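# starting from these lines, generate the structure:
(one chain, ligands or ions: 4)
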Amino acid sequence: MALSRPIEKRYSACRYCVGNCGVIIDVDVETGRAVDIRGDKDHPLTKGYACIKGLQGVYALNAPDRVLRPLKRNADGGFDEIPLAQALDEIAAIMQTISAEDGPHSVAVYKGTQGFSHAPLLEIVRRWLDAVGSPYLFTTWTIDQSNKFVAAERLGHWGGDPHHMLESDVMMIVGGNPLVSIGMMGITPTNVTKQFKAAKARGMKLIVVDPRRSETAALADLHLQIRPGEDVALFAGLLREVLANGWEDSAFCAAHVIQLDALRAAVEPFDLDMVSARTGLSVEDMRLAARMFARDAQRGGAFSGTGPSMAPHSNLSEHLMQALNVVCGRYNRAGDVVRGGGLIRPRTLVAQVYPPKRSWQQEPKMRATGYGTLNGEMMTAALPDEILTPGPGRVRSLIVVGGNPAAAFPDHLKTLRALKALDLLVTVEPFMTETARLANYILPPTMQYERWDLLFGQEGESMNPEPYQQLLAAVAAPPEGSELIEDWRVFYELAKRLDTPLMFCGSPMDMNRTPSSEDLLEQIIAGGPLSLDHLKRHPRGTFIDVPPTVVQPGSDDPAARFEVAPADVVEELAAIRAEPVASDDYPYRLISRRMRELLNTVGMNFPVCRAREPYNPAYFHPLDLAAIGIEPCDWIEIESDHGRLQAIAKADGHVGRGSISMTHCWGGLPEDKRPYTQVGVNTNLLISTDRDVEPINAMPRMSAIPVKVRAISSPEQEQIDRQPEVL
Ligand SMILES: Nc1nc2c(c(=O)[nH]1)N[C@H]1C(S)=C(S)[C@@H](COP(=O)(O)OP(=O)(O)OC[C@H]3O[C@@H](n4cnc5c(=O)[nH]c(N)nc54)[C@H](O)[C@@H]3O)O[C@H]1N2
Ligand SMILES: Nc1nc2c(c(=O)[nH]1)N[C@H]1C(S)=C(S)[C@@H](COP(=O)(O)OP(=O)(O)OC[C@H]3O[C@@H](n4cnc5c(=O)[nH]c(N)nc54)[C@H](O)[C@@H]3O)O[C@H]1N2
Ligand code: SF4
Ligand SMILES: [Mo]
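Residues are numbered from 1 along each chain as shown. Ligands and ions are numbered 1, 2, ... in the order given. From the prediction side, this is the model:
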């Protein structure tokens, strides 16, 4: 019998996604290392829920392929270990030379999904860019759902929050699958399935708009199985139906909305017969949706996921969907008690419109493409152009933190060319990912459970349903012999070496004495109701005794109105009527899909996650497979007007006719020529960023991609040879 070693239970929460599931970590007291993880049944928010990839969080800490010491790429393309201090010195020296030659714009940062939960990092990245004088902050938002910012900045937004699912009579989810993605769609991101079932049991009606009968659609009272990319037509039609029947909230519109007649005129041509021809939905189902949403319900809104934000005309579809919420007045009013008031940064909720601001029209602009900023960020899909377009001010140095652009960016081959064209690519990354392989330096970070965080972080607090906070302490020691760095400290150390003092939460940082993560958290929560000492006394988290968040009365400034039909929106809507619905050349539409086992590329190297899904099949409706003349598990080639890929076809009766559903970020680096059955294939090969991008935010067409399909008789070796080369 093996000798048992003393184990201590420590409390924490998983931060891979916005779920923030409470977990218990078993720690070997002698080594300090984490040895096991499970959902914490007594966690008041998540009550024991944890998903398959979250439960690999301790595997990830101890993974045999974890990068444990800083690495520098050598002339042969391999990597050599190098002391952390030397890596930081060298990186800073190269940056200094590049900025002296090409100005501060030549330095950029890209923050991926795993950079959104680390509280000190969230603050320091922006301050670091301010200090070095570069506006080039890129994040996943602009290859994800930046249409939400565009809509809010053209339409205006309400300061009192939309209705929450827990207090709604109806909810419409458009192109999102929160049962799997735990997405941010008017819900509390905890125990999502139970939450939906409970809401439905008390009578809430659920409408889901999705070309696939997703797990969420399977729960719906009404599933509108739309043709991909036709959300604009649907929402124009629903608005027309609501306004024609007088189902809008006329008092709310009178007080807060302008351009209602212009909206009415703009949607007039979208009668339900015409919309039916575009969307493939029946007129009866759309009428039913309009009645359920607007006539028969008082509370509850429409919320979108990534489906429509990745489809063409994503800014317009979001505008129209939000306009439906606006005309139906689906917002909290003065006096309403709301969730998500914020404890780290208390939020003041006010019952008024914040008018459109169109921040992208102001300086600074991207040098090569001319895009402006959105939410203080530049457009990620245009970053490769910024690197590849010659001329002064070219981006020559990129720090990646918590992301994997070589796998995740649209226009895969252009992205790889751009990453290879950088003078300096640094990635703060625990694994040898596709991006790490191309980097000049890999700085391995402490991971969740080894670093300090706050539940939901300061940018995710509106999702926290309760006045509950948990200090997520560094409960596990880093691996023996490792030399890791906290994500935030990379920026601090570089600032020191570049002689650019940093601000942090409004105060200058001490650049001579390195602060601890606890010091920084203390600064982040200062001014609010939290205290680090109090949180430390409650390692499992604690409810904070704060008054409920009540929406305050707003100002009645006549300039603060929702602009439901601005000229550019009306123009784009008119142009859509002339667009063909289907193309004979590219009759199928490839749609995005997320899997439980992975979060983009997180989990790709976890055996438990990969055992279920060794590659990413192309899912078709069985009748479509028959129509193409292929059997499940046959090889196919999928071709868009930009690129092609080869994959194995599978039948899935939940996928609508004419759609192909496939997950993203697979395939590894093309030059490795690894077999599809081991690594899958990257759907970003099909996506162009030279065209088919939205005008304001460069959001590419990443779903509803027109494609054609043909059967191929490809044995594996032939398949490998067909993988594209990077130019
Ligand atoms: N075709 C297509 N492309 C897509 C999408 C799609 O639907 N279709 N989805 C898009 C979307 S929505 C997104 S958000 C992007 C995602 O784009 P990215 O954020 O660039 O990709 P991820 O795979 O999420 O990258 C997370 C990285 O963080 C690393 N990591 C894990 N733990 C830690 C840690 O503790 N610290 C640090 N520093 N790093 C850590 C992981 O190993 C991984 O490399 O992809 C986009 N790309
Ligand atoms: N398990 C897991 N969870 C995740 C992630 C993950 O990779 N795995 N990724 C995280 C990230 S980065 C994000 S951004 C969120 C995203 O969260 P979600 O937006 O919920 O992502 P999906 O689950 O892909 O759901 C998108 C849905 O849109 C549908 N769709 C595709 N095209 C269209 C269209 O043109 N119109 C309409 N109406 N629907 C369409 C698809 O069929 C799909 O069901 O999830 C996060 N959570
Ligand atoms: S990845 Fe899974 S366990 Fe982790 S927070 Fe998200 S849902 Fe919870
Ligand atoms: Mo995302």
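# what parts of the stretch 51-200 of the chain come near ligand 2?
Neighbours of ligand 2 within the stretch 51-200 of the chain, by Cβ under 6 Å from any ligand atom: 113, 144, 174-178, 180-183. Quick note: C-beta positions are derived from backbone N, CA and C, even for glycine.
# looking at the stretch 151-300 of the chain, which residue is nearest ligand 2?
Among the residues of the stretch 151-300 of the chain, Gly175 lies closest to ligand 2, at 2.7 Å counting by Cβ to the nearest ligand atom.
# for that residue, give me its contacts.
The contact partners of Gly175, taken as Cβ atoms under 8 Å, 6 or more residues apart in numbering, are 209-210, 231, 304-309, 311, 703.
# which of those residues fall in helices?
Using DSSP state H, 231, 306-309 are the members of these that sit in helices.
# out of those, the closest to ligand 1 would be?
Closest approach to ligand 1 among the ones in helices among the contacts of Gly175 (Cβ to the nearest ligand atom): Thr306, at 5.4 Å.
# near ligand 2, which residues of the stretch 501-650 of the chain are found?
Counting by Cβ under 6 Å from any ligand atom, the stretch 501-650 of the chain sits next to ligand 2 at 591-596, 598-600.
# and those residues, which two are furthest apart?
Farthest-apart pair in these is Ile591 and Leu599; separation 18.6 Å (Cβ to Cβ).
# now, which of the contacts of Gly175 sits nearest Cys253?
Looking across those and measuring by Cβ to Cβ, the closest to Cys253 is Ser304, at 21.9 Å.
# so the closest one versus Glu483, what's the distance?
Per Cβ to Cβ, to the nearest Å, Ser304 is found 43 Å from Glu483.
# pLDDT wise, what is Val490 at?
On pLDDT, Val490 comes in at 98.
# next up, the contacts around it.
Neighbour list for Val490: 88, 399, 401, 426, 428, 443, 445 [criterion: Cβ under 8 Å, 6+ apart].
# interface residues of the stretch 51-200 of the chain facing ligand 1?
Of all the residues in the stretch 51-200 of the chain, those lying near ligand 1 are 112-114, 140, 143-144, going by Cβ under 6 Å from any ligand atom.
# pLDDT weak spots in the protein?
Residue ranges of the chain with pLDDT under 70: 1-3, 714-727.
# flag every residue of it that's near ligand 1.
Within the chain, the residues that sit near ligand 1 (Cβ under 6 Å from any ligand atom) are 112-114, 140, 143-144, 306, 310, 401-405, 408, 410, 428-431, 433, 445, 447-448, 487, 592, 599-602, 664-665, 683-684, 702.
# neighbours of the residue of the chain found nearest ligand 1, how many?
Ligand 1 sits closest to Gly112 of the chain, with a gap of 2.6 Å, by Cβ to the nearest ligand atom. By other Cβ atoms under 10 Å, 24 other residues sit near Gly112.
# spatially nearest residue to it, not counting backbone neighbours?
Once flanking residues are discounted, Gly112 sits nearest to Gly403: 1.9 Å by Cβ to Cβ, 6 or more residues apart in numbering.
# for that neighbour, give me its contacts.
110-115, 140, 435.
# nearest to Arg394, of those residues?
Proximity of these to Arg394 was ranked by Cβ to Cβ; the top entry is Tyr110 with 15.9 Å.
# over to the closest one. Which of the three states is it?
Here Tyr110 is recorded as strand under DSSP: H, G, I helix; E, B strand; the rest coil.
# now do the contacts for it.
Counting by Cβ under 8 Å, 6+ apart, Tyr110 makes contact with 138-139, 380, 383, 398-401, 403, 405.
# cool, Met321 as well?
The contact partners of Met321, by Cβ under 8 Å, 6+ apart, come to 151, 174, 231, 235, 302, 304, 308.
# please repeat the previous calculation with a cut-off of 6 Å.
Met321 makes contact with 235, 302, 304, according to Cβ atoms under 6 Å, 6 or more residues apart in numbering.
# tell me how far stretch 344-351 is from the chain's mean position?
Relative to its parent chain, stretch 344-351 has a centroid offset of 23 Å by Cα atoms, centre = their mean, to the nearest Å.
# the residue of the stretch 351-500 of the chain found nearest ligand 3: what secondary structure?
Using Cβ to the nearest ligand atom, the closest approach of the stretch 351-500 of the chain to ligand 3 is made by Gln448 at 9.0 Å. Secondary structure, three-state DSSP: Gln448 is coil.
# burial count for the residue lying closest to Thr142 once chain neighbours are set aside?
With sequence-adjacent residues excluded and distances taken as Cβ to Cβ, 6+ apart, Thr142 is closest to Thr380, at 4.3 Å. Per other Cβ under 10 Å, the neighbour tally for Thr380 reads 29.
# helices or strands up against the host helix or strand of Val23?
Assigned by DSSP states H and E, Val23 belongs to strand 22-28. Contacts defined by 3 or more Cβ pairs under 6 Å, 6 or more residues apart in numbering; DSSP states H and E place strand 22-28 against strand 7-13, strand 34-39.
# what parts of this structure come near ligand 3?
14, 16-17, 19-21, 50-51, 53-54, 182.
# got the contact list for Tyr49?
21, 39, 191.
# how far away is the first one from Arg644?
Think Cys21. Distance from Cys21 to Arg644, by Cβ to Cβ: 39 Å.
# which of those two has more neighbours?
Neighbour count, other Cβ under 10 Å: between Cys21 and Arg644, Cys21 has more, with 27 against 16.
# surely that one meets Ala50?
Yes. Counting by Cβ atoms under 6 Å, Cys21 touches Ala50, with 4.6 Å between them.
# straight-line length of stretch 239-257, end to end?
15 Å (Cα to Cα, to the nearest Å).
# mind listing what Leu685 touches?
Residues near Leu685 by Cβ under 6 Å, 6+ apart: 412, 643, 645.
# which of these fall within strands?
Mapping these onto strands (DSSP state E) picks out Leu645.
# nearest residue to the most centrally placed residue in the chain other than its sequence neighbours?
Residue closest to the average C-alpha location in the chain (Cα atoms, centre = their mean): Asp144, at 5.1 Å. Closest residue to Asp144 apart from its sequence neighbours, by Cβ to Cβ, 6+ apart: Thr306 at 6.3 Å.
# residues in contact with stretch 146-156?
If you take Cβ under 6 Å, 6+ apart as the criterion, stretch 146-156 is touched by 309, 314-315, 318-319, 322, 353, 355-358, 374-375, 562, 566, 696-697, 699.
# also stretch 645-658?
Where contact means Cβ under 6 Å, 6+ apart, the residues beyond stretch 645-658 that reach it are 211-213, 225, 588, 617-622, 625, 630, 632-634, 636-638, 661, 681, 685, 719, 722.
# what subset of these is buried?
211-213, 225, 588, 617-621, 625, 630, 634, 636-638, 661, 681, 685, 719 (16 or more other Cβ atoms under 10 Å).
# and these, which of them are in strands?
Judged by DSSP E, strands contain the following of the buried ones among the contacts of stretch 645-658: 588, 618-620, 636-638, 661.
# still on that earlier bit, turn the contacts of Tyr110 into JSON lines, columns for secondary structure.
Below are the contacts of Tyr110 laid out as JSON lines (three-state DSSP):
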{"residue": "Phe138", "secondary structure": "strand"}
{"residue": "Thr139", "secondary structure": "strand"}
{"residue": "Thr380", "secondary structure": "helix"}
{"residue": "Leu383", "secondary structure": "helix"}
{"residue": "Leu398", "secondary structure": "strand"}
{"residue": "Ile399", "secondary structure": "strand"}
{"residue": "Val400", "secondary structure": "strand"}
{"residue": "Val401", "secondary structure": "strand"}
{"residue": "Gly403", "secondary structure": "coil"}
{"residue": "Pro405", "secondary structure": "helix"}
